[in-house]
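A.B. asks: sequence plus the predicted model coming up.
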Amino acid sequence: MEKKMKPESLMMSYGYKPALSEGAIKCPIFQTSTFVFHTAEEGKAFFEVAYGLREKAEGEELGLIYSRINNPDLEILENRLTLWDEAEDCAVFESGMAAITTVLLEFSKPGDTILISSPLYGGSDHFIRKVLPKFHINVLTYTVGQSLQEVIRLVEDSGLADSIALVYIETPANPTNDLIDIAESKTIARHFSNDKKTVYLAVDNTYMGPLWQHPLKHGADLVLYSATKYIGGHSDLIAGACLGSKSLLQRVKGLRTFLGNMASPNTGWLLLRSLETLKVRMDMQARNANKIAEFLNHHPLVEKVYFLGNLSPADGRAYEIRNRQCMANGAMISFDIRGSEVEAFTFLNSLKLIKLAVSLGSTESLAEHPATMTHVDVDPELKAQLGITERMIRLSVGVEYYEDIIWDLKQAFEAIKNL
């Protein structure tokens with residue numbers, strides 16, 4: 001009887017056959033642009049399936065054609081990534097924004113409306129609010145704390161209810177750790193679906209990575225990652241991923257083929273390497289984050305800490321969502337420092353172990369200033385409404401020894417006292 005193994009056990013070998021690569025225990029880098037067909041008939045059959053001219057026959061695999069369409073490194077990587085989210089299929093891209101923009105373009109057209117949660121990552125916010133309108137795609141926004149009925153009323157009062165094509169959310173939100181109810185968002189998508197169209201729900205799950213939250217299990221149709229972050233985990237690559245059903249991923253991969261924004265074989269190989277240590281890295285980061293949040297909670301120069309582990313029954317709905325959706329508190333912490341931009345910049349400039357850089361989810365701890373960096377392009381009024389102020393600092397907790405991270409934070413706080 002076959003044993004169903006955990007994903008972390010399968011990350012070393014799933015989807016790879018050493019016999020096809022001279023017995024190499026690790027998948028080689030297939031650094032090739034094109035692949036040789038055995039016969040012209042075989043080439044014809046491969047192209048028919050790749051371009052959707054016919055369905056695959058039972059047991060038939062899509063043969064290797066050209067690395068813009070498929071490549072062994074990407075295929076093995078995509079197969080392994082499906083294990084964490086228990087998805088039917090996966091598409092890997094050369095960046096997180098490539099994955100996000102491809103999905104947004106595939107599931108909307110001129111005249112459609114996208115309903116988004118707020119806040120979003122700054123790059124997503126910019127593309128949705130400032131680029132999509134150039135294609136006559138409308139945007140409606142709802143925020144944390146609005147009830148299901150309030151969101152539905154907001155859409156209906158806008159006069160755009162009939163044009164809703166996609167619900168797009170990010171939870172936890174970057175950089176505030178605000179939580180959006182995935183199941184409730186799916187209810188909203190269903191409400192605006194009808195016999196002629198299905199409104200899909202896409203969830204950016206970058207903040208929680210593949211371990212700490214599984215949106216597909218809560219009703220999402222598509223889950224998106226900046227694979228640069230926890231999945232890559234070493235600050236040495238840029239990549240993105242989209243997971244979901246085979247039918248939806250067929251559409252995503254179809255557009256990816258013609259946009260040409262798939263990941264390279266080398267990026268695919270690096271991600272395969274990273275998947276082997278994904279769980280041990282993320283487990284350590286989550287443990288460290290709990291300890292660091294506890295330190296920040298009691299520091300006199302910290303006004304407020306934004307961390308999922310701080311939620312209590314007094315937080316009501318957010319607490320309930322965290323307990324239902326999230327399998328850990330994550331490793332992202334934002335906090336408001338007492339003072340202004342001067343104090344925030346002094347703190348950031350004084351860090352020694354923690355690096356002043358954007359991005360997140362990597363082995364090293366990183367700190368940045370959202371208001372003037374990752375979210376600089378967000379409308380000032382919206383930033384103020386969301387609490388993304390000059391006092392906020394975002395911290396991505398790494399795998400260093402937690403006491404060393406806390407020492408670095410302490411000495412950076414001391415620098416403020418000397419102002």
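C.D. replies: Yes, it's here.
A.B. asks: where does Met282 sit: helix, strand or coil?
C.D. replies: Per DSSP: H, G, I helix; E, B strand; the rest coil, the secondary structure class of Met282 is helix.
A.B. asks: tell me how far the residue nearest to Asn261 when sequence neighbours are not counted lies from Gly123.
C.D. replies: With sequence-adjacent residues excluded and distances taken as C-beta to C-beta, 6 or more residues apart in numbering, Asn261 is closest to Ala98, at 4.1 Å. Placement of C-beta: from N, CA and C, glycine included. Distance of Ala98 to Gly123, computed by C-beta to C-beta, to the nearest Å: 11 Å.
A.B. asks: looking at those two, which has the bigger crowd around it?
C.D. replies: In this view Ala98 and Gly123 are compared by other C-beta atoms under 10 Å, and Ala98 has more residues nearby, 24 against 18.
A.B. asks: now do the strands in the chain.
C.D. replies: 89-93, 113-118, 138-143, 164-170, 200-204, 222-226, 240-244, 302-306, 332-337, 355-356, 366-368, 392-396 (DSSP state E).
A.B. asks: so for the lowest-mean-pLDDT helix or strand in the chain, what gets flagged as buried?
C.D. replies: In the chain, no helix or strand scores lower on mean pLDDT, DSSP states H and E than helix 380-386, which sits at a mean of 88. Going by neighbour count (16 or more other C-beta atoms under 10 Å), the buried part of helix 380-386 is Leu382, Lys383, Leu386.
A.B. asks: so which of these comes closest to Leu10?
C.D. replies: Leu386 (39.2 Å; C-beta to C-beta).
A.B. asks: wait, what's in contact with the nearest residue to that closest one once chain neighbours are set aside?
C.D. replies: Nearest in space to Leu386, with sequence neighbours left out and distances taken as C-beta to C-beta, 6+ apart, is Pro119 at 4.8 Å. Pro119 is in contact with Asp125, Glu170, Ala173, Asn174, Pro175, Thr176, Asp178, His375, Val378, Leu382, Leu386, Ile388, counting by C-beta atoms under 8 Å, 6 or more residues apart in numbering.
A.B. asks: swap in 7 Å and give it another go.
C.D. replies: Ala173, Asn174, Thr176, Leu386, Ile388 (C-beta atoms under 7 Å, 6 or more residues apart in numbering).
A.B. asks: cool, and Phe37?
C.D. replies: Per C-beta under 7 Å, 6+ apart, neighbours of Phe37: Gly43.
A.B. asks: how does it look with 8 Å?
C.D. replies: So Phe37 contacts Gly43, Phe46, Gly63 (C-beta under 8 Å, 6+ apart).
A.B. asks: if any of these are buried, put those into a PyMOL selection.
C.D. replies: Those of those that count as buried under 16+ other C-beta under 10 Å are selected in PyMOL with:
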select buried, resi 46+63
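A.B. asks: cool, thanks, signing off.
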